[in-house]
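Novice: Sequence and predicted structure below; questions after.
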Amino acid sequence: AAGTGNIVIYNAATDAIVESIAIGTATIAGPKVTVTPTALAEQKSYYVLVDAGAIKDKAVTPNAFAGITDKTRWTFATGDFTAPTKVSVEPNATTITLNHPILVLTMNEAVKLTTTGGSVTITKVGATTASVTIPLTAAMISADGKVITITYVAAGAVGLDKNTDYFVTVPAGALEDNAGNDFAGITTATAWTFKTGTGFATGNDPVLGSLEFKVYPNPF
């Protein structure tokens with residue numbers, strides 16, 4: 001039965017009271033006393049103390065529970081149930097100097113590739129087919145797991161058009177946090193955009209189609 005007192009939850013790192021629950025609000029059924037906290041945060045460690053006399057048995061002359069006063073006796077930690085989100089993307093809503101962007105996606109927490117993975121795409125605004133598709137790899141993720149740097153320029157890579165608007169997409173479910181919560185991705189044509197500059201990056205663009213000129217008679 002309920003006595004007089006509280007069940008109190010503390011932050012294990014700071015010893016601060018997170019929530020004090022009056023025993024009168026608990027559900028008591030047989031040997032079980034159940035309370036439902038409402039102030040807990042994710043990925044935190046807690047301990048619970050119970051006031052002496054807060055719980056008693058149902059004897060004719062009730063015997064009071066001595067309580068829990070040792071902070072090491074009843075402990076628990078909360079998990080991570082929130083999906084990772086983007087903090088910023090670069091370049092975004094700006095014009096770059098040349099036609100070879102280096103894409104940077106910064107997350108609010110550490111992420112990793114999922115088992116299915118995925119590819120980042122760069123698509124010309126108004127087009128339905130991607131201009132460039134870049135598979136995500138573990139090597140693109142920083143040591144702390146928060147920054148993904150995607151450099152699509154490689155030997156023989158075809159550059160983007162000059163003076164052209166593009167948007168970038170990242171598929172949902174390609175990245176996840178350490179608790180297995182999937183990143184929702186960047187899937188619209190307006191969330192990550194940029195415009196290429198007026199120059200081609202040298203040393204990266206192959207000749208896609210040369211024009212041969214034959215001038216004759218020779219000498220001309």
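Specialist: That came in fine, so what should we check first?
Novice: Now the element after the least confident helix or strand in the chain by mean pLDDT, going C-ward?
Specialist: Ranking every helix and strand in the chain by mean pLDDT, DSSP states H and E puts strand 132-135 at the bottom, with a mean of 92. Using DSSP states H and E, the next helix or strand after strand 132-135 towards the C-terminus is strand 147-151.
Novice: which helices and strands sit right next to that following strand?
Specialist: Applying 3 or more C-beta pairs under 8 Å, 6 or more residues apart in numbering; DSSP states H and E, one finds that strand 147-151 contacts strand 102-107. Just so you know, the C-beta spots here come from the backbone N, C-alpha and C atoms, and that holds for glycine as well.
Novice: Against which helices or strands is the strand it packs on packed?
Specialist: strand 86-90, strand 147-151.
Novice: ok, that strand: who's next to it in the sheet?
Specialist: Using DSSP bridges, strand 102-107 pairs in its sheet with strand 86-90 (antiparallel), strand 147-151 (antiparallel).
Novice: tell me the most buried of the ones you listed?
Specialist: Ranked by mean neighbour count under mean count of other C-beta atoms under 10 Å, the strands paired with strand 102-107 are led by strand 147-151, which reaches a mean of 17.
Novice: Show me which positions of whatever helix or strand comes next after that one end up buried.
Specialist: Counting by DSSP H and E, the element after strand 147-151 in chain order, helix or strand, is strand 165-169. For strand 165-169, burial by neighbour count (16 or more other C-beta atoms under 10 Å) applies to 166, 167, 168, 169.
Novice: and the gap between the second one and residue 151?
Specialist: I take that to be residue 167. Residue 167 sits 18 Å away from residue 151, going by C-beta to C-beta, to the nearest Å.
Novice: Spatially central residue in the protein, please.
Specialist: In the chain, the residue lying closest to the centroid (C-alpha atoms, centre = their mean) is residue 84, at 1.8 Å.
Novice: Disregarding flanking residues, what is the spatial nearest neighbour of residue 105?
Specialist: Excluding its sequence neighbours, the residue lying closest to residue 105 (C-beta to C-beta, 6 or more residues apart in numbering) is residue 148, at 4.4 Å.
Novice: Tell me which residues touch that neighbour, please.
Specialist: Each residue near residue 148 by C-beta atoms under 8 Å, 6 or more residues apart in numbering is listed here: 104, 105, 106, 107, 111, 136, 140, 141, 142, 175.
Novice: residue ranges with poor pLDDT in the protein?
Specialist: Along the chain, segments meeting pLDDT under 70 span 153-158, 201-211, 213-214, 220.
Novice: which residue ranges form the helices in it?
Specialist: Listed in chain order, the chain contains no helices at all (DSSP state H).
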